[in-house]
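Asker: Sequence below, structure please.
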Amino acid sequence: MPDSSSFNFPLGLNIAPSAPTNSKNPVEDSWQSQAIAEFGIAGRIWEASYLLEQYLQPPGSSSFVFDPPCSIFPPPNPPTSSITSPWPSISSPFASSSLSTFPPQTIIELGAGTGFTSLNLASLLRPEDIIVLTDLDEVVPLMEERTACRSSDSLDGQGGQVLVRGLAWGEGREDQLSLPEGREGKITHLICSDLVYFPFLYPPLLRTLLALTDPNPSKIEIIIAYKVRSLFKETPFWDSLGEEFSLVPVLADGKRFGASDGLGIFVVKRREMGKKREEEVGFEELLFLSMEI
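Answerer: Residues are numbered from 1 along each chain as shown. Here you go, the predicted structure:
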């Protein structure tokens, strides 16, 4: 496997700051350009992150009706209070009564890069919730910088706790994340955004997903946002993932969310012991049907 220092600066790298599909202006163009220069691929906000940002919101705060809804938040109730995120365009009304009985969430993002996904989400969480940004050791300074900016911009200390950790996939370091006391073995969610691109990284990514879900395989949920770039090269990852995990595509108002832009979000869970992939009908169809590529 190539040295990790080359992951973010592949030969011929030529990328520019990104923007949401409904906007012509890159998000904070100046810092994103600088981050790309210093951290390469890790310094860019990739397209699936914007789609995932829309999904990772409490029920009732989006213009879409998602199926399945985002399980990081409690089921919808008539809002009795409102918390406004410091991030533009995100508002998160929810019922305080439902929050009081909803267990603390422990969320790990793999390949967090700029932290765009996790830091947006953190602003919507409760103080008892924890989100951990992880990436290669050489990307830790970028994650720390963006986390510090988020902390200085947040309103009245609202939001979940944010931690930053170095984590190279497939090296057996998943048990060294140094989670706060009482949170070890209590991960609730893994978040993956635009991680399926280099085929040589598929095996270590899968090993890390297996390692992180081992402590509680029936309860840990993985949320994967994905953009199709080369289906021929990417299909082996989904094929291998499906051997150990079941996947459900996220629908918005009854349609595959992001399909028109070649994007998608999948809710993923470890299979029950002894249940094989062949028992599910139309695996590839489940993944890619109606995705316009």
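
Asker: Residue 207 - that's part of a helix, no?
Answerer: Yes: the assignment for residue 207 is a helix, going by DSSP: H, G, I helix; E, B strand; the rest coil.

Asker: Determine the number of other residues adjacent to the residue nearest to residue 125 when sequence neighbours are not counted.
Answerer: Once flanking residues are discounted, residue 125 sits nearest to residue 160: 3.0 Å by Cβ to Cβ, 6 or more residues apart in numbering. All C-beta spots, glycine's among them, are computed from the backbone N, C-alpha and C. Neighbour count of residue 160, defined by other Cβ atoms under 10 Å: 22.

Asker: Distance check, residue 160 against residue 60.
Answerer: 19 Å (Cβ to Cβ, to the nearest Å).

Asker: Bridged to residue 251, which residues?
Answerer: residue 67, residue 256 (DSSP bridges).

Asker: what sits against it?
Answerer: If a contact means Cβ atoms under 8 Å, 6 or more residues apart in numbering, then residue 251 has 66, 67, 257 as its contacts.

Asker: Please state the backbone phi and psi of the residue nearest to the spatial centre of the chain?
Answerer: Centroid-nearest residue in the chain: residue 191, 3.0 Å away (criterion: Cα atoms, centre = their mean). The phi/psi pair for residue 191 (degrees, to the nearest 10) reads phi -120, psi 130.

Asker: Tell me the pLDDT of the closest residue to it other than its chain neighbours.
Answerer: The shortest distance from residue 191 to any non-neighbouring residue, by Cβ to Cβ, 6+ apart, is to residue 109 (4.3 Å). Here, the pLDDT recorded for residue 109 equals 98.

Asker: rewinding a little: mind listing the residues bridging to the residue nearest to the centre of the chain?
Answerer: Applying DSSP bridges to residue 191 gives these bridge partners: residue 109, residue 223.

Asker: element containing the spatially closest residue to residue 58 that is not a sequence neighbour?
Answerer: In space, and not counting its chain neighbours, residue 58 is closest to residue 73: 4.1 Å by Cβ to Cβ, 6+ apart. Assessed by DSSP states H and E, residue 73 sits outside every helix and strand.

Asker: Now do residue 73 against residue 124, distance only.
Answerer: From residue 73 across to residue 124, the span is 8 Å (Cβ to Cβ).
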